[in-house]
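[1] Any chance you can model this:
(one chain, ligands or ions: 1)
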Amino acid sequence: MVDARKVKDMAAKKANQFIGAAAGKVPPHQHCRICHQPIPVSADPRVCKETACIEKNQQDEKNQRTVRIAMFVFFGLFAVPYVLALAARVMG
Ligand SMILES: [Zn+2]
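    Residues are numbered from 1 along each chain as shown. Prediction:
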């Protein structure tokens, strides 16, 4: 016959192990945004020490900056005539 108390005990132990792993056992860390290796939380930018990852990250940041500027210009093209039209209406 299966000892129900034993099974319960084992389940509790398993649960404790799981909780232990989730809290404290693994030190706080983050992952390289390129290769997802664990890296220290203090790492900034959020990449590991691999040159490839650092370069890729810089490339990505450059691309993001370009996209942001392009968006800014794009919206600016729409915003300027709108603001001018609004100003013209206010002026009379
Ligand atoms: Zn990496």
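[2] and I54, how many neighbours?
    Burial of I54 is recorded as 15 neighbouring residues (other CB atoms under 10 Å). Where C-beta positions appear, they are placed from N, C-alpha and C, glycine not excepted.
[3] my guess is it contacts R46, does it?
    No: using CB atoms under 8 Å, I54 is not in contact with R46; the gap is 10.9 Å.
[4] show me where this structure has strands.
    Remark: strands assigned in the chain by DSSP state E are 30-31, 38-39.
[5] Now I34, what are its backbone angles?
    phi -100, psi -60 (degrees, to the nearest 10).
[6] And it, how far from A85?
    Distance, I34 to A85, using CB to CB, to the nearest Å: 46 Å.
[7] between these two, which one's more packed in?
    I34 (17 against 10).
[8] State the distance from that one to the ion.
    Distance, I34 to the ion, using CB to the ion, to the nearest Å: 5 Å.
[9] And R5, by the same measure?
    Taking CB to the ion, one finds R5 at 48 Å from the ion.
[10] Within range of the ion, give me the residues from the protein.
    Within the chain, the positions adjacent to the ion are C32, I34, C35, C48, E50, C53 by CB under 5 Å from the ion.
[11] Show me the longest helix that occurs in the chain.
    If you go by DSSP state H, the chain has its longest helix at helix 51-91.
[12] That helix - what's its average pLDDT?
    Helix 51-91 carries an average pLDDT of 94.
[13] how distant is it from the center of its chain?
    Computed by CA atoms, centre = their mean, to the nearest Å, the separation of helix 51-91 from the middle of its chain amounts to 22 Å.
[14] which residue sits closest to the most centrally placed residue in the chain in space, ignoring its chain neighbours?
    For the chain, the residue nearest the mean C-alpha position is R33 (7.8 Å; CA atoms, centre = their mean). Nearest residue to R33 in three dimensions, chain neighbours excluded: R46, at 5.0 Å (CB to CB, 6 or more residues apart in numbering).
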